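Attaching a predicted model along with its sequence, questions to come.
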Amino acid sequence: MLDLVFLAFIGYVLVLGLKRPFLWVLLYVYIDILAPQRIGYTIITTLPLSLIAFAAAFGGWLALDRKTGARFTLRQGLMLALLIYCWWSTGHADFPEDALTKWDWVWKALLFAIFLPLTLTTRARIEGLALVLLLSVATIVIGTGMKTVLGGGGYQNLKFFVNDNSGIYESSTLATVAIGLVPLLWWFVKHGTIYRPHWMVTGFAVALTFACFLVPIGTEARTGLLCIAALGVLMLRYTQRRILFIAGAGVLGLVALPFLPQSYYDRMATIAQPDGDESASTRVAVWEWTLDYVAEKPMGGGFDAYRGNRFEYSMPVRTVDGNTTSIEYKEVVDQGRAYHSSIFEMLGEQGWPGLMMWLALHLLGLWQMERLQRRWRRAEEEAERWIAPLAAALQMGAVIYLVGATFQGIAYQPVMLMLVGLQIGLHTYCRRIDSARAALARSAPRRSPSPTPLPGAVAAH
């Protein structure tokens, strides 16, 4: 029955797209994030839904959609260069079979992010994409929040729609994405036109925000706590009453403490003492190995090059006997451990060239969103007041992603690449407005002042 519901909805959108091809773009976003083919049980699991939706989105844009305002930008060029470089490195990978497995989904995520801004030519399309992206993630977040409240949480124990700890369904990844989209959620509360500002919209936003904050608690993802802290710091820039904001956040945190499970406290305590946690100790060892690795192979080793690592390190083991705590150091030998950092993921797999392209892509986005905020923050017309707040929301989402990505291997996370596409679309849209105004100013006829009669001219007549 669940399969039939998904298929009926997807088929309905495919039919609607014959008149509005942009709907096929939104359909791909929905399928790529939620992955209904992994949620279903029977026939839907055998269908290549992502391929069908992508073919419809790209083919519909080529054949049916208007191209007015579509531009290829520098950041799209960076993603294209990264895509080509990843293709080259895959052909020279240390572990060819494993590299091909990762390449199979990375190229699709990069290609769609390159294509996406070409379709975002109007405010309605920019808002439509942001809404579908937000609600698709919200579908997972709401279910996660409900399971957390009902007592189904715990590190690596919280079950989502699928029993697969990969993609957005990986606990730390979902925590990062959920917190990163909170600013975008509240942009809709104030500036949305698809769902106009209303008390019901505000109520939904409050409930969804609460669910987003429950995700790091339910998953016990340490990265999620760092992302919440990053969000709080970023919000200070846009809060007029900063002292009141800090006090309110502190009070809410204190109120929440009694309701948190002891396992959450134990998990978060390892942030302050990483040397006592095997996972944290392993990350440091992997990062050191990666630096040594690129010193010998500066072009990287292709996808999943981490499989070649092997290292030894000492980890303290604390033993409590009554009031006495003893610490012994044990030697740990490990190998084939993942990078647990997008920075070292890019460095180890694509070398220094890949890392530089990846950093340039995201840092340039932060700079562009900052420029848009400064350019449009004083806009008074209704048709323009939404631009600066949306740029701020996308900038905050990008910063939170970079904070989370520092401790996770999510350099090619599809949702965040879609966020990059949304940033490019907004920046291109604003550039078209400025270009149109500049052209109008240049084409406006110059009014020359009326000639002033010479003294005595009237008397002569």
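Perfect, I can see it now.

Based on its surroundings, how many neighbours for Thr209?
Neighbourhood size, Thr209 [other Cβ atoms under 10 Å]: 18. All C-beta spots, glycine's among them, are computed from the backbone N, C-alpha and C.

Would you map the strands across the protein?
With DSSP state E, the ranges of strands along the chain come out as 310-321, 324-335.

Check the gap between the spatially closest residue to Ser171 that is not a sequence neighbour and Tyr30 for me.
Nearest residue to Ser171, sequence neighbours excluded (Cβ to Cβ, 6 or more residues apart in numbering): Thr219, at 3.6 Å. Separation of Thr219 from Tyr30 (Cβ to Cβ, to the nearest Å): 23 Å.

again, but for Arg371
According to Cβ to Cβ, Arg371 and Tyr30 sit 31 Å apart.

ok, back up a step: more neighbours, Thr219 and Tyr30?
For Thr219 versus Tyr30, neighbours defined as other Cβ under 10 Å are more numerous around Thr219 (28 against 21).

Just to check, the more buried one is in contact with Ala175?
Yes - with contact defined as Cβ atoms under 8 Å, Thr219 and Ala175 form a contacting pair (5.6 Å).

Contacts only, for Thr202.
The neighbours of Thr202, taking Cβ atoms under 8 Å, 6 or more residues apart in numbering as the test, are Val189.

Show me the helices in the stretch 301-450 of the chain, by range?
All helices of the stretch 301-450 of the chain, identified by DSSP state H, counting those that start in this stretch, fall at 342-376, 387-405, 414-443.

Kindly apply the preceding question to the stretch 151-300 of the chain instead.
Along the stretch 151-300 of the chain, the segments classed as helices by DSSP H, counting those that start in this stretch run 171-180, 182-191, 199-219, 222-235, 242-256, 262-272, 278-296.

looking at those helices, which is closest to Glu97?
Nearest to Glu97 among the helices of the stretch 151-300 of the chain is helix 278-296 (19.7 Å), distances taken as Cβ to Cβ.

between the closest one and helix 222-235, how big is the angle?
For helix 278-296 against helix 222-235, the angle by axes from the mean of the first three to the mean of the last three Cα atoms, to 10 degrees is 80 degrees.

got the angle between helix 278-296 and helix 342-376?
Relative orientation of helix 278-296 versus helix 342-376 (the same axes, to 10 degrees): 90 degrees.

got the buried residues for helix 278-296?
Neighbour counts over helix 278-296 (16 or more other Cβ atoms under 10 Å) mark 280-283, 285-287, 289-290, 293-294 as buried.

give me every residue that touches the closest residue to Gly40 other than its chain neighbours.
Distance criterion Cβ to Cβ, 6+ apart; nearest residue to Gly40, sequence neighbours excluded, is Asp3 at 4.2 Å. Applying Cβ under 8 Å, 6+ apart, we find Asp3 in contact with 40-44.

Show the model's pLDDT score for Asp3.
pLDDT recorded at Asp3 is 83.

roughly how far apart are it and Thr121?
Distance, Asp3 to Thr121, using Cβ to Cβ: 35 Å.

Kindly report the same for Ala109.
The spacing between Ala109 and Thr121, counted by Cβ to Cβ, is 22 Å.

Same check on Gly11?
Using Cβ to Cβ, Gly11 is found at 27 Å from Thr121.

Of those two, which one has the most company?
Higher neighbour count among Gly11 and Thr121: Thr121, with 21 against 10, using other Cβ under 10 Å.

and the residue lying closest to that one once chain neighbours are set aside, what does it touch?
Closest residue in space to Thr121, ignoring its immediate chain neighbours: Gly69 at 3.9 Å, by Cβ to Cβ, 6+ apart. Gly69 sits next to 121-122, 428-429, 432 when contact means Cβ under 8 Å, 6+ apart.

what's the closest of those residues to Ile410?
For the contacts of Gly69, the residue nearest Ile410 by Cβ to Cβ is Thr428; the value is 25.5 Å.

Let me see the contact set for that closest one.
With contacts defined as Cβ under 8 Å, 6+ apart, Thr428 is in contact with 69, 71, 73, 117, 120.

Farthest-apart pair in the residues you listed, please.
Using Cβ to Cβ, these span at most 12.2 Å, a distance reached by Gly69 and Thr73.

Contacts made by stretch 210-217 with the rest, please.
For stretch 210-217, the external contacting residues (Cβ under 8 Å, 6+ apart) are 138, 141-142, 144-146, 148-149, 153, 174-175, 178-179, 181-182, 185, 221, 223-225, 227-228, 260, 264.

Please report how far the residue nearest to Leu18 when sequence neighbours are not counted lies from Phe9.
What sits nearest to Leu18 in space, not counting adjacent residues and going by Cβ to Cβ, 6+ apart, is Leu64, at 7.9 Å. For Leu64, the distance to Phe9 (Cβ to Cβ) stands at 21 Å.

try Tyr429
Distance from Tyr429 to Phe9, by Cβ to Cβ: 29 Å.

The two: which has the busier surroundings?
The neighbour count for Tyr429 versus Phe9, taken as other Cβ under 10 Å, is higher for Tyr429 (20 against 13).

Return the residues in contact with that one.
69, 120-123, 126.

and stretch 416-427, which residues are buried?
416-427.

same question, stretch 189-199
Within stretch 189-199, the residues scored as buried using 16+ other Cβ under 10 Å are 189, 191-192.

same deal with stretch 84-93?
85-86, 89-90, 93.

Any chance you could give me it in CSV, C-alpha atoms only?
Provided in CSV are the C-alpha atoms of stretch 84-93 (Å, rounded to 0.1, in the frame of the first residue of the first chain):
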residue,chain,number,x,y,z
ILE,A,84,36.2,16.3,-14.0
TYR,A,85,39.0,16.0,-11.5
CYS,A,86,37.0,13.4,-9.5
TRP,A,87,36.5,11.4,-12.7
TRP,A,88,40.2,11.5,-13.4
SER,A,89,41.2,10.5,-9.9
THR,A,90,38.7,7.6,-10.0
GLY,A,91,40.6,6.3,-13.0
HIS,A,92,43.8,6.4,-11.0
ALA,A,93,42.4,5.4,-7.6
